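Peer 1: quick check, what structure comes out for this input:
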Amino acid sequence: MKNILIVSDGFLYGGFETRTLRELIEAKKHHYNVFLACIDYNHKYNVFKQVLILKHPLSDYSDSIKTKNILATRDQIINFCKENHIDIIECHPYWCLLPTALAAEKLHIPITCTLHGVASGNFINPSLTNIGLRTI
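Peer 2: This is a model prediction of the structure:
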């Protein structure tokens, strides 16, 4: 059985949540455990194996505190991944991307990043997404 961690700033209500819930149904059919880590969570979604509520990595304005918060959020994710034997991480923008990438790197866990919304670049010109993905 594989364990997947989805990380997002929020899991409230909208297109991302609808898409993720559809994927969750398919993942369960294939015997995957799906976990969620996010800053804001709508508790009506009681479908994940477990939910980790993250501290906002940039909740303060001092640069030294921001760095400390990013590392604290990274450590939250690291501990959760270890406790739940996470095999892969799927991360969504925005604030959680950096601490999640740092956690995945430290643990040598494969990570995917799904760019959507403003992070996709499509709000300016859809071709920007293609250019950005080619340079990664």
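
Peer 1: helices and strands around the helix or strand Ile89 falls within, which ones?
Peer 2: Ile89 is part of strand 88-91 when elements are defined by DSSP states H and E. Helices and strands touching strand 88-91, by 3 or more Cβ pairs under 8 Å, 6 or more residues apart in numbering; DSSP states H and E, are strand 2-11, helix 97-107, strand 111-113. No exception for glycine: its C-beta is placed from N, CA and C like everyone else's.

Peer 1: okay, these in JSON lines with mean pLDDT, distance to Ile53 and mean neighbour count next?
Peer 2: Shown next, in JSON lines, are the helices and strands packed on strand 88-91 (pLDDT from 0 to 100; distance: least, Cβ to Cβ, whole Å; neighbours: other Cβ atoms under 10 Å):
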{"stretch": "strand 2-11", "mean pLDDT": "92", "distance to Ile53": "10", "mean neighbour count": "21"}
{"stretch": "helix 97-107", "mean pLDDT": "94", "distance to Ile53": "14", "mean neighbour count": "19"}
{"stretch": "strand 111-113", "mean pLDDT": "91", "distance to Ile53": "20", "mean neighbour count": "15"}
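
Peer 1: which one of these lies closest to Lys28?
Peer 2: Among the helices and strands packed on strand 88-91, strand 2-11 comes nearest to Lys28, with 10.7 Å by Cβ to Cβ.

Peer 1: for the next helix or strand after that closest one, buried residues please.
Peer 2: Using DSSP H and E, the helix or strand that follows strand 2-11 in sequence is helix 15-29. The neighbour-count criterion (16 or more other Cβ atoms under 10 Å) identifies 16, 20, 24, 27 as the buried residues of helix 15-29.
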